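*Asks:* kindly return the folded structure for what I paste below:
(chains A and B)
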Amino acid sequence: MDIKQISPDQVVYLSVGPFNLNATIVYTWLVMALLVLACILITRRMTPSENMSRWQNLLEIVVGFLRGQIRDVFGESPDMYVPYIGTLFVFIAVCNLLAVVPGFEPPTASLSTTAALALTVFAAVIGFGLMRRGVKGYLLQYVQPTPMMLPFNILGEFSRTLALAVRLFGNMMSGAKIAAILLAIAPLVFPILMNALGLLTGIIQAYIFAVLAMVYIASATRVERERYEKTRKQQGDDNG
Amino acid sequence: MDNIGLIGLASVLAAGLTIGIGAIGPAIGEGRAVAQALAAIAQQPDEANILTRTLFVGLAMIESTAIYCFVVSMILLFANPFWDFVIKQGG
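*Replies:* Predicted coordinates:
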């Protein structure tokens, strides 16, 4: 990708009719294949004992970290949310980290990938909200605190989806662009420094995307929890 | 000056102004947020986990305005729709 191309969508390898096989799709498939293969190979020889393989240790750290974060945000058992949010985090993190490999175009530097990811978050918020609170309870939250807030609540739902997509795209695209610009003006050592910085921002952006998805989903399911805690407290008072 | 030159001039100027002015607000905001978060962590080191997570989420929110400006300036520089239109008109 040279400096003129703003996203890997513009690198087209193969064009059949209206469908273009561009770099975004190819590298997304590559990351998917890598993740699936690695997970199959690692989990094939899982052991519950303490002398596990190094790779199993790595996966356990990742999963344990995600479960801890989700439990902190939701304040309940993370089992329901780990598959979705964990997938988001691992996919984005691997895409961003592989950006240091020469020749690899991170799919997250394309607005179409990030928009798709943000749309899944949009759907997940509605899905989890409906599942936890029912149709009436979910729709009622749009007229909280007063019915006058209805248009703003709906607008907020869309604008935060847009913000989620553009934030990830902007950060990853800027990393690629800065590396390309530095290659043009100071090609000796500086691009490596910026790539090292790119590793850090890549992980932080993956973390932020996952945390924001958690916060949005939690805000759609929260009232349920508050009511649950209130009733539990009352029961505790009654018992005590 | 002909149309292409005028559009080029306006695009470059607008891109520079967009990212330059657009970086000021988020920079002030992020600075204040980090300062407050550091003060809070210094007062209550036990709550560092929650504070750090909230700080990151808040920083991401603040930063997105700067990212919008950056994306707009990149589009003006590298994927300018007005430029493409004029070139297409000129044949």
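
*Asks:* least confident secondary structure element in chain B?
*Replies:* Ranking every helix and strand in chain B by mean pLDDT, DSSP states H and E puts helix B:81-90 at the bottom, with a mean of 80.

*Asks:* and that one, is it in reach of chain A?
*Replies:* No: Helix B:81-90 stays clear of chain A (C-beta under 8 Å from any C-beta of the partner chain), getting no nearer than 11.9 Å. C-betas here are computed from N, CA, C, even on glycine.

*Asks:* would you mind listing the buried residues in that helix?
*Replies:* By 16 or more other C-beta atoms under 10 Å in any protein chain shown, the buried positions in helix B:81-90 come out as B:83, B:86.

*Asks:* now for that helix, which elements pack on it?
*Replies:* Packing partners of helix B:81-90 (3 or more C-beta pairs under 8 Å, 6 or more residues apart in numbering or on different chains; DSSP states H and E): helix B:3-43.

*Asks:* the helix it packs on to helix B:81-90, inter-axis angle?
*Replies:* 160 degrees (axes from the mean of the first three to the mean of the last three C-alpha atoms, to 10 degrees).

*Asks:* any part of helix B:3-43 near chain A?
*Replies:* No: Helix B:3-43 lies apart from chain A when judged by C-beta under 8 Å from any C-beta; the minimum separation is 10.4 Å.

*Asks:* what element comes up after that helix heading to the C-terminus?
*Replies:* For helix B:3-43, the following helix or strand on the C-terminal side (DSSP states H and E) is helix B:48-78.

*Asks:* run the angle between that following helix and helix B:81-90 for me.
*Replies:* Angle of helix B:48-78 versus helix B:81-90, following the same axes, to 10 degrees, is 20 degrees.

*Asks:* is chain A contacted by helix B:48-78?
*Replies:* Yes: for helix B:48-78 and chain A, the contact criterion (C-beta under 8 Å from any C-beta) is met by B:49-50, B:53, B:56-57, B:60-61, B:63-64, B:67-68, B:70-71, B:74-75, B:78.

*Asks:* list the buried ones in the helix or strand hosting residue A:31?
*Replies:* Using DSSP H and E, residue A:31 falls within helix A:23-44. Neighbour counts over helix A:23-44 (16+ other C-beta under 10 Å) mark A:23-25, A:27-28, A:31, A:42 as buried.

*Asks:* and that helix, does that touch chain B?
*Replies:* No: looking at helix A:23-44 against chain B by C-beta under 8 Å from any C-beta, there are no contacts, and the closest approach is 15.5 Å.

*Asks:* up against chain B, what does chain A have?
*Replies:* Residues of chain A found near chain B, taking C-beta under 8 Å from any C-beta as the criterion, are A:3-6, A:69, A:72-73, A:163, A:166-167, A:169-171, A:173-174, A:177, A:204, A:207-208, A:211-212, A:215.

*Asks:* what are the boundaries of the helices in chain A?
*Replies:* Applying DSSP state H to chain A gives helices spanning A:23-44, A:54-74, A:82-97, A:111-140, A:150-185, A:190-239.

*Asks:* the ones you listed: which one's closest to residue B:15?
*Replies:* helix A:150-185 (12.6 Å; C-beta to C-beta).

*Asks:* where does chain A get nearest to chain B, which residue?
*Replies:* With C-beta to the nearest C-beta as the measure, residue A:170 is the residue of chain A nearest to chain B, at 3.5 Å.

*Asks:* burial check on that residue, number of neighbours?
*Replies:* When neighbours are defined as other C-beta atoms under 10 Å in any protein chain shown, residue A:170 has 24 of them.
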